[in-house]
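1. The following block contains a protein sequence and its predicted model.
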Amino acid sequence: MSIADSNTAMGGFTIHQVACVDPGVAGQIVSGCARTEYRLDGGPLQPFVPPISITTPGIHTLDFGSVDVAGNDEVVKTEILTVVAPSDLDGDGLLGFGDNCDRAANPDQRDTDRDCIGNRCDADFNQNGVVDSSDASLLKARLGQSAASFPDQDLDGDGTVGVGDTTILRALFRQPPGPSWGLPYDVVIQWCE
Ligand SMILES: [Ca+2]
Ligand SMILES: [Ca+2]
Ligand SMILES: [Ca+2]
Ligand SMILES: [Ca+2]
């Protein structure tokens with residue numbers, strides 16, 4: 001048995017299926033797989049009957065192993081699984097890992113430079129990792145322009161590069177863009193096309 005997916009998940013894990021094969025360790029007869037057992041967080045060993053749900057936020061220890069028909073025990077394996085509670089810190093309806101501005105309400109998730117950080121919290125136009133005077137100068141030079149021409153500088157999504165965007169940039173000044181995707185959790189799996 002192995003767990004192929006990421007070891008950190010928001011909301012929980014559901015373990016659906018176990019493929020149990022008996023490879024026939026040296027000196028053993030290949031008798032076939034009899035059963036798989038598991039225990040969670042040091043609890044009692046019990047038969048593995050999928051699906052197993054693990055939803056309590058925190059770090060969990062899952063031990064598991066199989067026994068073949070001849071009674072040979074597999075060496076017990078361990079997976080550490082971290083469950084992160086779903087959160088919507090900015091109240092825009094998108095939960096943590098699915099929100100490209102985790103601390104600013106941006107239900108449309110607009111991300112015109114496609115760097116996985118929504119425009120609403122991404123005034124780092126030159127992609128150097130910080131909102132600085134270069135970014136401020138760029139925005140200033142494009143004030144009054146249409147978002148159709150300069151979409152990245154339209155931070156608030158109102159269709160023009162204007163005062164609202166300047167206000168957002170000021171609030172983000174000298175900081176990295178974001179935070180995005182459920183930070184401050186360390187392990188984040190994200191998919192951005
Ligand atoms: Ca947001
Ligand atoms: Ca962006
Ligand atoms: Ca910058
Ligand atoms: Ca704007």
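-> Looks like it arrived, so ask away. Numbering: from 1, shown residues only. Ligands and ions are numbered 1, 2, ... in the order given.
2. contacts and neighbour counts: CA atoms only from here.
-> OK.
3. hey, where'd the strands end up in this protein?
-> For the chain, the strands defined by DSSP state E cover 8-10, 13-15, 33-40, 46-47, 52-54, 58-68, 77-84.
4. Can you tell me which of those strands is most buried?
-> Comparing the strands of the chain by mean neighbour count (mean count of other Cα atoms under 10 Å), strand 8-10 ranks first with a mean of 20.
5. how much distance is there from that one to the middle of the chain?
-> 7 Å (Cα atoms, centre = their mean, to the nearest Å).
6. Pull up the residues of this protein that are close to ligand 1.
-> Within reach of ligand 1 by Cα under 5 Å from the ion, the chain has these residues: 101-102, 104-106.
7. can you name the two of those that are farthest apart?
-> Using Cα to Cα, the pair of those lying farthest apart is D102 and N106, separated by 8.8 Å.
8. Give me the more crowded residue out of these two.
-> D102 (28 against 22; other Cα atoms under 10 Å).
9. Quick check: nearest residue in space to that one, chain neighbours excluded?
-> S180 (5.0 Å; Cα to Cα, 6 or more residues apart in numbering).
10. Neighbours of the one you found, how many?
-> 21.
11. Surely it is in contact with A105?
-> No - the criterion here is Cα atoms under 8 Å, and S180 misses it with A105 at 11.6 Å.
12. Can you tell me which of the residues of the chain next to ligand 1 is closest to D124?
-> Here the nearest of the residues of the chain next to ligand 1 to D124, counting by Cα to Cα, is C101; it sits at 13.4 Å.
13. And F48, how far from L62?
-> 11 Å (Cα to Cα, to the nearest Å).
14. cool, and N100?
-> Counting by Cα to Cα, the separation of N100 from L62 is 31 Å.
15. what's the answer for D158, then?
-> Taking Cα to Cα, one finds D158 at 49 Å from L62.
16. where does the residue lying closest to T36 once chain neighbours are set aside land on pLDDT?
-> Nearest non-adjacent residue to T36, counting by Cα to Cα, 6+ apart: S66, 4.1 Å away. Looking at S66, its pLDDT reads 82.
17. for I189, same thing?
-> 32.
18. which bits of this structure sit near ligand 4?
-> Taking Cα under 5 Å from the ion as the contact definition, the chain meets ligand 4 at 154, 156, 158, 160-161, 165.
19. Mind putting these into TSV with pLDDT and neighbour count?
-> Output for the residues of the chain next to ligand 4, formatted as TSV (pLDDT from 0 to 100; neighbours: other Cα atoms under 10 Å):
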residue	pLDDT	neighbour count
D154	98	27
D156	97	20
D158	97	12
T160	98	22
V161	98	27
D165	98	23
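20. Those in helices, which ones?
-> Under the assignment DSSP state H, those contribute D165 to helices.
21. T14: which of the residues of the chain next to ligand 4 is nearest?
-> Once Cα to Cα is applied, the member of the residues of the chain next to ligand 4 that ends up nearest T14 is D156, at 37.9 Å.
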